[in-house]
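Undergrad: Model the structure of this input:
(chains A and B)
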Amino acid sequence: MPSRTRPGVWGWRLAVATGVACFLTLVGLPLVALVVRVPPGELIRRAASEPVLQALRLSLVTSVSATAVVALIGLPVAYLLATQEFPGRRVLETLVEMPMVIPPTVAGVGLLLAFGRAGLAGSALRAVGLSIPFTTLAVVIAEAFVALPFFVTAATAGLREVEPRYREAAATLGATPPYAFRRVLLPLALPSLAAGAVMTWARALGEFGATITFAGNLPGRTQTLPLAVYVALQSDVEAAVALSVILLIFSFTLLLTFRSLTAARALGPRAHRSRP
Amino acid sequence: MRDWFPALLALALGSRPAPRTLTVFAAASLQESFTALGDSLEHARPGLRVTFNFAGSQTLALQIAQGAPADVFASADDRWMTTLKDSGFVAGTPRVFAHNQLVVIVPASNPGKVTGLADLGRGGLKLVLAADQVPAGRYARTVFANLGRTPGFPPDFAARVAANVVSNEENVKAVLTKVRLGEADGGVVYGSDVTPAVAADVRTIGIPPAANVIADYPIAVLTHAPDADDARAFVALVLSSTGQRVLAARGFTTVGH
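TA: Alright, predicted model coming up:
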């Protein structure tokens, strides 16, 4: 009955359009407000200044390092969660999500109390000659702590999606678990791992609260771009907005590039197969 | 039919004072004393709730300039009060209600073995200051420059201290926290920050008056104050002998108004 389905369709479309419009207002408008506030010439002048480049470099180095650390320690956790059933699995899963829930400043205090000089692991670290707070390493640790859930959640889902029969087939053919993981599980789950890594990197790049609490704020050593924005905001709003826009353009470009690359990869073979 | 409604309304309004909220934006160093004064104003004015936003003066000034609904602003220096006054956010003339002095603090465990001010220039020490933009941070740097001109200190004392700074904190309480936790070897805070609760965790090293900076704390009612009447009452309380006693008990130097 077209007379009844038509209004339903239009209502549906209206609901979707309203949702999208609200999204664009909520997320898009503040970003646009930042961008239009800064004249392009001013932006280029600021972006080329040494303090900004220094903060940008530090942000890049620490966020990439944090992503590598997260991938390294997150993959075994994701593997365990995706493939094994064991007591305490729910607890471990919840623990993985905790850094998302904790306010970053609280995370920073926790990191100080754990890995600070006077922290729980402080004397053990001192024994090997390490003092972590106020160092670039502390920035990487803070970013890794806060961004870890993004990788582990995506990687667990990705590894779980790999059909168990592939794993079983590999096992039947005599593959050891490490070999099966490397040759079967890992390649099939790679898109999810990559997506998780990108989200982790993005979260690490924007990290502020845990960093300033655990690593402090010193240009060239611990002052990442978000910290530089915050410090600038204390005295010079225009400078802070300009720095924010630089960070915004930088991360938007990189995220868009990653997305386009993964989309091209995902579509590539399918497009090939559908050819007659 | 609805004759009872105005009567009920009058009864409700008359029998109980309407609940009001006074919002005070105050420098982080005022947290303990202003919280106590807020409690006593609530007692004196039934129906009033006093809420505070404690942060660095520069952050508060920015929030007020961006339209935050505040009634009173109490700053840790003249600069941010003047900034707001010049842009028309302050009603009337700001009044200085207290002075504060800087002190050097080190953790009670004293990991850096700091026994005097001159030690702060020793290489390898981890010092934490408030950022340049924060009044306490600017004052601290002035103190070290002053000490550099004082007999017994090397002329490059300020530069040596600057080389030891491992973090520029967003407000003075963050400096206090990092020293209390023993993560920094030393820091510079206000005398009023070393409250009885803190005193056990830190050692205080005084700064000679000739080199020290006396911070002025101005307070004012804001132009767009939603609750100007209670705001004026709060300012009066801070300036009264009661208010001055509370501030003196928390390590502030009071003013003779």
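
Undergrad: okay, CA-based contacts and neighbour counts for the rest of this
TA: OK.

Undergrad: Which residues of the stretch 51-200 of chain B lie near chain A?
TA: Proximity of the stretch 51-200 of chain B to chain A (Cα under 8 Å from any Cα of the partner chain) is limited to residues B:58-59, B:62, B:131, B:133-134, B:166-170, B:181-183.

Undergrad: just those now: which is nearest B:Thr254?
TA: B:Val134 (21.9 Å; Cα to Cα).

Undergrad: ok now do B:Leu237, which residues does it touch?
TA: Shown in contact with B:Leu237 (Cα atoms under 8 Å, 6 or more residues apart in numbering or on different chains): B:37, B:41, B:243.

Undergrad: now swap in A:Ala118 and tell me
TA: With Cα under 8 Å, 6+ apart, A:Ala118 has these contacts: B:181-183.

Undergrad: mind saving the C-alpha coords of the strand or helix carrying A:Ala21 as PDB?
TA: Taking DSSP states H and E as the criterion, A:Ala21 maps to helix A:2-23. In PDB, the C-alpha atoms belonging to helix A:2-23 read as follows (Å, rounded to 0.1, in the frame of the first residue of the first chain):
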ATOM      1  CA  PRO A   2       2.000   3.000  -1.200                       C
ATOM      2  CA  SER A   3      -0.300   5.400   0.600                       C
ATOM      3  CA  ARG A   4       0.900   3.900   3.900                       C
ATOM      4  CA  THR A   5       4.500   3.000   3.200                       C
ATOM      5  CA  ARG A   6       5.300   6.400   1.700                       C
ATOM      6  CA  PRO A   7       4.800   8.500   4.900                       C
ATOM      7  CA  GLY A   8       6.700   5.700   6.700                       C
ATOM      8  CA  VAL A   9       9.600   6.100   4.400                       C
ATOM      9  CA  TRP A  10       9.600   9.800   4.600                       C
ATOM     10  CA  GLY A  11       9.300   9.700   8.400                       C
ATOM     11  CA  TRP A  12      12.300   7.300   8.400                       C
ATOM     12  CA  ARG A  13      14.300   9.600   6.200                       C
ATOM     13  CA  LEU A  14      13.400  12.600   8.300                       C
ATOM     14  CA  ALA A  15      14.600  10.800  11.400                       C
ATOM     15  CA  VAL A  16      17.900   9.900   9.800                       C
ATOM     16  CA  ALA A  17      18.300  13.500   8.400                       C
ATOM     17  CA  THR A  18      17.600  15.000  11.900                       C
ATOM     18  CA  GLY A  19      20.100  12.700  13.500                       C
ATOM     19  CA  VAL A  20      22.800  13.600  11.000                       C
ATOM     20  CA  ALA A  21      22.000  17.300  11.200                       C
ATOM     21  CA  CYS A  22      22.300  17.200  15.000                       C
ATOM     22  CA  PHE A  23      25.600  15.300  14.700                       C
END
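
Undergrad: Walk me through the domains of chain A.
TA: Chain A breaks down by automatic domain parsing into domains covering A:1-37, A:43-273.

Undergrad: so can I have JSON lines of those domains showing mean pLDDT?
TA: As requested, the domains of chain A are exported to JSON lines (pLDDT from 0 to 100):
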{"stretch": "domain A:1-37", "mean pLDDT": "87"}
{"stretch": "domain A:43-273", "mean pLDDT": "90"}
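
Undergrad: Packed most tightly, which of those domains would that be?
TA: Counting by mean count of other Cα atoms under 10 Å in any protein chain shown, domain A:43-273 has the highest mean neighbour count of the domains of chain A, with a mean of 19.

Undergrad: circling back: among the contacts of A:Ala118, name the ones in helices.
TA: Assignment to helices by DSSP state H places none of the contacts of A:Ala118 there.

Undergrad: a markdown table please, covering these and showing pLDDT and distance to A:Ala71.
TA: Below are the contacts of A:Ala118 laid out as a markdown table (pLDDT from 0 to 100; distance: Cα to Cα, whole Å):
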| residue | pLDDT | distance to A:Ala71 |
| --- | --- | --- |
| B:Leu181 | 93 | 31 |
| B:Gly182 | 94 | 32 |
| B:Glu183 | 94 | 29 |
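
Undergrad: Distance to A:Leu56 added to these, as JSON lines?
TA: What follows is those, written out as JSON lines (distance: Cα to Cα, whole Å):
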{"residue": "B:Leu181", "distance to A:Leu56": "30"}
{"residue": "B:Gly182", "distance to A:Leu56": "30"}
{"residue": "B:Glu183", "distance to A:Leu56": "27"}
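
Undergrad: Just send the residues you listed back as JSON lines, with neighbour count and distance to A:Phe134 too.
TA: Output for those, formatted as JSON lines (neighbours: other Cα atoms under 10 Å in any protein chain shown; distance: Cα to Cα, whole Å):
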{"residue": "B:Leu181", "neighbour count": "19", "distance to A:Phe134": "13"}
{"residue": "B:Gly182", "neighbour count": "25", "distance to A:Phe134": "13"}
{"residue": "B:Glu183", "neighbour count": "26", "distance to A:Phe134": "9"}
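
Undergrad: And those, which is closest to A:Gly206?
TA: B:Glu183 (24.8 Å).

Undergrad: For B:Leu127, see how far away the closest one is.
TA: Remark: distance between B:Glu183 and B:Leu127 (Cα to Cα, to the nearest Å) = 9 Å.

Undergrad: Without its sequence neighbours, what residue ends up closest to the residue sitting nearest the centre point of chain A?
TA: With distances taken as Cα atoms, centre = their mean, A:Thr200 lies nearest the centre of chain A, 1.9 Å away. Residue nearest to A:Thr200 in three dimensions, not counting chain neighbours: A:Ala147, with 4.9 Å by Cα to Cα, 6 or more residues apart in numbering or on different chains.

Undergrad: Isn't that neighbour up against A:Leu205?
TA: No: A:Ala147 is beyond contact range of A:Leu205, at 9.3 Å (criterion: Cα atoms under 8 Å).

Undergrad: where does the stretch 51-200 of chain A come near chain B, residue by residue?
TA: Counting by Cα under 8 Å from any Cα, the stretch 51-200 of chain A sits next to chain B at A:112-113, A:116-118, A:133-134.

Undergrad: show me what contacts B:Leu181?
TA: Applying Cα under 8 Å, 6+ apart, the residues near B:Leu181 are A:113, A:118, B:107.
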